[in-house]
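In: okay, sequence plus prediction incoming.
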Amino acid sequence: MQKRLDHAETMPSGGRPTLKTIAFMTGLGVTTVSRALKDAPEIGEETKKRVRLVARQIGYRPNRAGVRLRTGKTNVISLVLDTEEDLTGFVSDMIYGISETVAETPYHLIVTPYSRRNDPMDPVRYLVETGSADGIILSRTLPDDPRVHYMLEHHFPFATHGRTNVGVEHAWHDFDNRAFAREAALKLVELGRSRLALLPPPVGLTYHTHTREGFSEGVLEAGATEVAWSGVSIDDLIDDIRTRTVRLMRRKDRPDGLVVASGGATFALVAGIEEAGLKLGRDVDVISKQSSKLLRLFRPELYVCQEDFRLAGREVAKAVLGQIAGKSVDKLQSLAAPPPIVSCRNPAVP
């Protein structure tokens, strides 16, 4: 009993949990605990798992001010996020995927919001100039993205959700929108459609080019006809998409098959089709990318291709952590192949 009491006196009491708290609870030394939390290669995986489990259970959080003073690091990853992003799954799933990955590391995720109405360089400059994060994750990439140029010039660790054409290799993860759009066009022709139109991402973004190229390839390969529909994108207001769809579907050369680059825009597009007096599955078929499960509950006549934003979050998190660790860039690039296009009538649809 006396021995147990003497040992108990060494357990930290009161205040926030510390490395000593974890050391006491695991029976390890403070140095070993510290190295385990930093994912040091000389510490065994089982030991790391045990230390991380205890740290999570007791709510341990490193003192960021102290860490920064000792190491010059913040242990922060910042997701620079457009506040107008599609909210039907993208934001929550992306954050979940990133958080899931950094939870096993000393790093923490913060979200740095911005509006596309303002200069998108502002949040990036702030994070780099103030040293508020050790790494940055970007979305909505441009082919010649000035944010990417800026971070390359400042040798700042980052990864992008989406590719660029800046001429210098960097870390990224992307969904193969070219393959999706091509397969969607081919699927529509398989369903008996021959006049196809595309509701694309906004002009200027890298994945607009990929989607447009894939759709055109599929139309040409299948011997179908593309119905021109210019000046409209998935970023437009839903009322504008609905109105533009009504006009499109009342034209003499209206399409009988449509490909849509996002699930959110599909709600407005379907509303426009029905307002024009047409019926899904009979007069026209629609294939859409989706990131949530809402479309399968909306209209069973739709066809969908699931884009996994939790996977994207995990992959960009791994990429930026790899950048921080100094890994070769060619090991920090990944492209997700689109899953098969399925009917919303299928009970197994995502």
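Out: Alright, I've got the coordinates.
In: rest of the way, CA atoms for contacts and neighbours
Out: Noted.
In: check R50 and give its pLDDT.
Out: At R50 the predicted local distance difference test score is 89.
In: tally up the residues packed near it, please.
Out: R50 sits with 14 neighbouring residues when counted by other Cα atoms under 10 Å.
In: now it. Nearest residue, chain neighbours left out?
Out: Computed as Cα to Cα, 6 or more residues apart in numbering, the closest residue to R50 that is not its neighbour in sequence is T26, at 7.6 Å.
In: so how far is P17 from that neighbour?
Out: As defined by Cα to Cα, to the nearest Å, T26 lies at a distance of 13 Å from P17.
In: same thing with L81?
Out: Taking Cα to Cα as the criterion, L81 is separated from P17 by 32 Å.
In: so between those two, which is more surrounded?
Out: Set side by side, L81 and P17 give different neighbour counts by other Cα under 10 Å, the larger being at L81 (20 against 16).
In: what about that one, helix or strand, and which?
Out: Following DSSP states H and E, the helix or strand that holds L81 is strand 76-82.
In: neighbouring strands - and their directions - for that strand?
Out: Under the criterion DSSP bridges, strand 76-82 sits next to strand 108-114 (parallel), strand 135-138 (parallel) in its sheet.
In: neighbouring contacts of it?
Out: Counting by Cα atoms under 8 Å, 6 or more residues apart in numbering, the neighbours of strand 76-82 from elsewhere in the structure are 107-116, 123-124, 132-139.
In: next secondary structure element downstream of it?
Out: Beyond strand 76-82 toward the C-terminal end (DSSP H and E), the next one is helix 90-102.
In: what ranges do the helices span in the stretch 151-300 of the chain?
Out: Ranges of helices within the stretch 151-300 of the chain are 177-190, 206-222, 238-249, 263-275, 294-298, based on DSSP state H, counting those that start in this stretch.
In: how about TSV for those helices, with distance to A319 and mean pLDDT added?
Out: Formatted as TSV, the entries for the helices of the stretch 151-300 of the chain read as follows, by distance: least, Cα to Cα, whole Å; pLDDT from 0 to 100:
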stretch	distance to A319	mean pLDDT
helix 177-190	20	98
helix 206-222	19	98
helix 238-249	34	97
helix 263-275	27	96
helix 294-298	30	84
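In: pick the most buried one from those.
Out: Comparing those by mean neighbour count (mean count of other Cα atoms under 10 Å), helix 177-190 comes out on top with a mean of 24.
In: what helices or strands is it leaning on?
Out: On a contact count with 3 or more Cα pairs under 8 Å, 6 or more residues apart in numbering; DSSP states H and E, helix 177-190 meets helix 206-222, strand 257-260, strand 285-290.
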